[in-house]
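**Q** Let me see the structure of the following:
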Amino acid sequence: MAFLIDSFLLFIAENILEQAEKELMNEDEVRHDLRELYEQLESGRITEEEFEKREEELVKRLEEIEEYKKERDEAA
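**A** Here you go, the predicted model:
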């Protein structure tokens, strides 16, 4: 019985980890946010300072995603 519970908990943990990874490593979402950011700057809804700060964060996030995917692919 304990084995079944342990197996079930491991299954749940692996699924949570997989889902979190998909959400955190969603390159398309970050690119979408970056496009929206450019639109906000062009329309005057944000300042150049706000744009630069957020752009830096998003570009860094894209770099982290690319590095993660590269490392994952090399490990496979």
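**Q** can you pull out the helices in this protein?
**A** Here the chain has its helices, by DSSP state H, at 2-24, 27-43, 48-75.
**Q** Pipe those helices into JSON lines and attach mean pLDDT and mean neighbour count per row.
**A** C-beta coordinates here come from the backbone N, C-alpha and C atoms, glycine included. Shown next, in JSON lines, are those (pLDDT from 0 to 100; neighbours: other Cβ atoms under 10 Å):
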{"stretch": "helix 2-24", "mean pLDDT": "81", "mean neighbour count": "10"}
{"stretch": "helix 27-43", "mean pLDDT": "96", "mean neighbour count": "13"}
{"stretch": "helix 48-75", "mean pLDDT": "93", "mean neighbour count": "12"}
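**Q** Quick check: closest non-adjacent residue to Arg61.
**A** Val30 (5.2 Å; Cβ to Cβ, 6 or more residues apart in numbering).
**Q** That neighbour is in contact with Leu58, isn't it?
**A** Yes. Assessed by Cβ atoms under 8 Å, Val30 is found in contact with Leu58 at 5.7 Å.
**Q** overlap in contacts of the two?
**A** With Cβ atoms under 8 Å, 6 or more residues apart in numbering applied, the contact sets of Val30 and Leu58 do not overlap.
**Q** gap between the residue nearest to Arg61 and Lys53?
**A** From Val30 across to Lys53, the span is 15 Å (Cβ to Cβ, to the nearest Å).
**Q** now do Glu29
**A** Applying Cβ to Cβ, the value for Glu29 to Lys53 is 19 Å.
**Q** what separates Glu21 from Tyr68, distance-wise?
**A** 9 Å.
**Q** can you check Glu49 too?
**A** Taking Cβ to Cβ as the measure, Glu49 falls 29 Å from Tyr68.
**Q** what's the answer for Leu4, then?
**A** Distance from Leu4 to Tyr68, by Cβ to Cβ: 33 Å.
**Q** Same question for Glu52.
**A** In this view, Glu52 and Tyr68 are 25 Å apart by Cβ to Cβ.
**Q** before we move on, what about Lys60?
**A** From Lys60 to Tyr68 the distance is 13 Å (Cβ to Cβ).
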